[in-house]
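Colleague: Could you look at this predicted model? Sequence included:
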Amino acid sequence: MKKLLLASTALVLSAGLAHAQAVTITGEGRMGVQYDNAGFGGTNWRTEQRLTLNFNVSVQADHGLTFGAWTRARMATTGWGVADFGVFTGSRVWVESNGFRLTFGNQDGAFRQVGASHGYLGGCGIGYEGGQQCGDSAGLLGVTQGQANAIPVPFGANRIGIRYTNGDYTVAASAQRAGAIEVAARARIDAFTVAIGYTDGGVGASSYALSGHYNGGSWGVGAIIARVAGVATNWSLSGSAQLGGGRAYAYVGRVFGANAYGLNYGYGLGGGATLTAGAERVGARTTASVGVAFNF
């Protein structure tokens, strides 16, 4: 009886370990000082820190199918006098086979996943936090589908997405109940990457963008032009280069009739940590930050 009990316990532990190997935790930690001339809480300056934990699950099924799932926990403080908060965001689950992936749940739409050739929608490259204004994204952040990251949204980020990848070519589509439908495509040809994205705007006007990027190894240049919500034609030109052991990045653009420009420098500290300082101005608003972020 004891031998049977020990054998049964060993089998249960082995099964548990096998499943545990399908679970990985990745994330980011960051801290820094931010400036915003628009001010909040009576000051233009604030300290900020954040810890993000991504819980990833992947299992290999029969018939070449792979199933996966994801959720995120985020703990942060804004430094504007707002108390710390910690939340689990909505989850997403997918099935993948032969380059096709079908995803249900909390996810970026097709435009943000595939519809830009570089950066996050062509931008968000200023600051350790990945952009306070993201003027280099040509105004697309406000009109495209994005996953819920900080505050749980029961229905807003729950959508269906399908994506197909074949080598250097990717196409995608996404839809949200009572929301927008998006389609996008991206292709890489040697050092060049080009992308196009479209959203019907849901209850609003449609938007679309065309972008391109050249990767020169130690340097790169990119451009994006977007017609946003039928009211503005926005654009940005950006470039990056290795400099002094780190990487410098800069952009200029036009966003909803306002001039936009920014400058950033990131220096790798090893171990996945980067010390970054950057500033950008969009119209009359100026933001800047200096801080450290590390990935794990």
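Modeller: Yep, that arrived.
Colleague: Give the residue spans of the stretch 51-200 of the chain that score low on pLDDT.
Modeller: In the predicted model of the stretch 51-200 of the chain, residues 78-85, 150-156 satisfy pLDDT under 70.
Colleague: residues contacting Asp36?
Modeller: Asn44, Arg46, Gln132, Arg285, Thr286, Thr287 (Cβ atoms under 8 Å, 6 or more residues apart in numbering). C-beta: built from backbone N, CA, C; applies to glycine.
Colleague: how about it, phi and psi?
Modeller: phi -150, psi 120 (degrees, to the nearest 10).
Colleague: so it bridges to which residues?
Modeller: For Asp36, the beta-bridge partners under DSSP bridges are Thr287.
Colleague: Report the separation between it and Ala138.
Modeller: From Asp36 across to Ala138, the span is 21 Å (Cβ to Cβ, to the nearest Å).
Colleague: now do Ile160
Modeller: 26 Å.
Colleague: Which one's more surrounded, those two?
Modeller: Neighbour totals were compared for Ile160 and Ala138, and Ala138 leads with 31 against 14 (other Cβ atoms under 10 Å).
Colleague: wait, isn't that one in contact with Gly253?
Modeller: Yes: if you go by Cβ atoms under 8 Å, Ala138 and Gly253 touch, sitting 6.4 Å apart.
Colleague: For these two, list the residues in contact with both.
Modeller: In contact with both Ala138 and Gly253: Asn234, Trp235, Ser236, using Cβ under 8 Å, 6+ apart.
Colleague: Make a markdown table from those and add neighbour count and secondary structure to it.
Modeller: Formatted as a markdown table, the entries for the shared contacts of Ala138 and Gly253 read as follows, by neighbours: other Cβ atoms under 10 Å; DSSP: H, G, I helix; E, B strand; the rest coil:
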| residue | neighbour count | secondary structure |
| --- | --- | --- |
| Asn234 | 25 | strand |
| Trp235 | 19 | strand |
| Ser236 | 27 | strand |
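Colleague: of those, closest to Tyr120?
Modeller: Ser236 (12.4 Å; Cβ to Cβ).
Colleague: quick one: the closest one from Gly139, how far?
Modeller: In terms of Cβ to Cβ, Ser236 sits 9 Å off from Gly139.
Colleague: And Arg163, by the same measure?
Modeller: 24 Å.
Colleague: quick one, which of the two is more surrounded?
Modeller: Gly139 (30 against 21).
Colleague: Going along the chain, name the helices of the chain.
Modeller: 2-20, 110-114 (DSSP state H).
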